[in-house]
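Asks: no FASTA, just this:
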């Protein structure tokens, strides 16, 4: 298949793509931005014709494609779009089915299509696609613009779905939970492995390692150079393991400053910490009409904090973000910001990515060099850091995919001098490798980060503190990522029960005294060895778990060899238990080392 004069896949120098989709397949389609994933979807859905080869489908097979940017031209309302029949005579869904799904996704289908936001249009298109209940669903970034409750509902719907689906998604957690096979579109070739996304990264690194060994044996220097990106991806994941260890340590330190669970008041251990504060919110509130968006919220953000804001659509995340950054004033309370605070906000509208400009013009104003936070770098070398082929430096922005434009925007904004980085849904339109890169850049950023996201896995890998909004005006402050906030939410009914017992008190109980600062401890020889070796052991266990899950993904294994199935299942249980114990042990030792 060609695009813009170049072959996306197949072609004279590559094998043609072969693909078979079964009636109950649950497949993740993985590939870098610009690799041709969306084009492959359009071929499968018969929206475009292949330059070579044939497409065959079983008679009466109904295929529905959910596009990233559906066309609403000619429709008055979102419901008009959802109920239309396709030009080829395809059926329209039942209105009551659309309404039921739209209600779960939080979208008013009577909205005027011309004025609806991109997110509203995407959810309307998703309502139509699911209501059609096809034999094969092609889902292009289905979780974009969905809040956490809607994502959870969609996962449940797809688990019950009787047909097959292929999903393109940057949401790792979504893919891990739902997929049982992986298609990998890589450098014009399509690979398939009968393992869900949970085993994809181990498979990918194995393929790249084999290619590197083959290239070295042949002493093919040019071929090795062509793999700079792939080797960089593997190295980046190894470095990120070290960054995750640092993140866990930062979370432990912040947990010591946070009061009782659910409290939004951060306590400081010393006056030195006060000098590190960059934003201090004191009892701030904001209402729109009779509805309280934020109520009596206090927070002290320190230099280097990575703050994640989570909650449903309309819960108040953007309102709170604007109050913290000074774009919006609270109704009551006060926000104090450090005088030296200099922020950069990643613009989700990509408004400055003018299509007629070249990459060189966007990054370096047409020159060869770019200043990256005080360091001078050659623009082509800087492009490599953001996973671009340096040869694309004079390519026009308009020819880039949506994900590539997002990556270019990140490259430009991260070059600016700043000590506050504000990211509003930064993971939309990014491929998985770019998410790894973004995780790395955020971890190395010396300033403070405020991050709004619905991407659960990305939050768990990135933030030190999570602010959870439930829409009632209350904000929970939790040391850790999304998983930590979710765990605290489940504990809340128990805390509520304890509070009811004390309801007769006329005055609130005095808060418990802060714990004494931990004393530094010299590790024993055994403890020091564990501290140094456990991170590598955790990586080994994760790889073993991925291999075991890959073997168990064979649906015929239990029937063919029940003893092998039982042995691997038992081995997986032991590996998971050992991994959990190793992580807990390492965190205990890290607290002692940093004490």
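Replies: Structure's in. What do you need? From a predicted model like this one, the values you see are computed outputs, not experimental measurements. Numbering: from 1, shown residues only.

Asks: got phi/psi on residue 34?
Replies: phi 90, psi 0 (degrees, to the nearest 10).

Asks: so how far is residue 150 from it?
Replies: 28 Å (CB to CB, to the nearest Å). Using the backbone N, CA and C atoms, a C-beta is placed for each residue, glycine as well.

Asks: residue 440 too?
Replies: 29 Å.

Asks: which of these two has more residues huddled nearby?
Replies: residue 150 (20 against 16; other CB atoms under 10 Å).

Asks: residues touching the nearest residue to the more buried one once chain neighbours are set aside, list them.
Replies: Distances taken as CB to CB, 6 or more residues apart in numbering put residue 105 closest to residue 150, at 5.1 Å, once the chain neighbours are dropped. By CB atoms under 8 Å, 6 or more residues apart in numbering, the contact set of residue 105 is 123, 126-127, 146, 150, 153-154.

Asks: rerun at 7 Å
Replies: By CB atoms under 7 Å, 6 or more residues apart in numbering, the residues touching residue 105 are 123, 126-127, 146, 150.

Asks: now residue 246
Replies: Contacts of residue 246 by CB under 7 Å, 6+ apart: none found.

Asks: which helix or strand contains it?
Replies: helix 228-255 (DSSP states H and E).

Asks: mind splitting this protein into its structural domains?
Replies: Domain ranges of the chain: 2-200, 250-499, 525-594, per automatic domain parsing.

Asks: dump those to CSV, plus mean pLDDT.
Replies: Output for these, formatted as CSV (pLDDT from 0 to 100):
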stretch, mean pLDDT
domain 2-200, 86
domain 250-499, 81
domain 525-594, 79
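
Asks: got a markdown table for those domains, with distance to residue 206 too?
Replies: As requested, the domains of the chain are exported to a markdown table (distance: least, CB to CB, whole Å):
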| stretch | distance to residue 206 |
| --- | --- |
| domain 2-200 | 10 |
| domain 250-499 | 16 |
| domain 525-594 | 10 |
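
Asks: the ones you listed: which one's closest to residue 210?
Replies: Set against residue 210 and scored by CB to CB, these come closest in domain 2-200, at 12.1 Å.

Asks: and that closest one, how far from the chain's centre?
Replies: Its chain's C-alpha centre and that of domain 2-200 lie 18 Å apart, by CA atoms, centre = their mean, to the nearest Å.

Asks: can you tell me the element the closest residue to residue 558 other than its chain neighbours falls in?
Replies: Nearest non-adjacent residue to residue 558, counting by CB to CB, 6+ apart: residue 565, 4.6 Å away. According to DSSP H and E, residue 565 maps onto helix 562-594.

Asks: now that helix: buried residues?
Replies: Neighbour-count burial for helix 562-594, counted by 16 or more other CB atoms under 10 Å, picks out 565, 568, 572, 575, 578-579, 582-583, 585-586, 589-591.

Asks: also stretch 113-132?
Replies: Buried, per 16+ other CB under 10 Å, within stretch 113-132: 113, 116, 119-132.

Asks: among those residues, which are in helices?
Replies: Using DSSP state H, 119-131 are the members of these that sit in helices.
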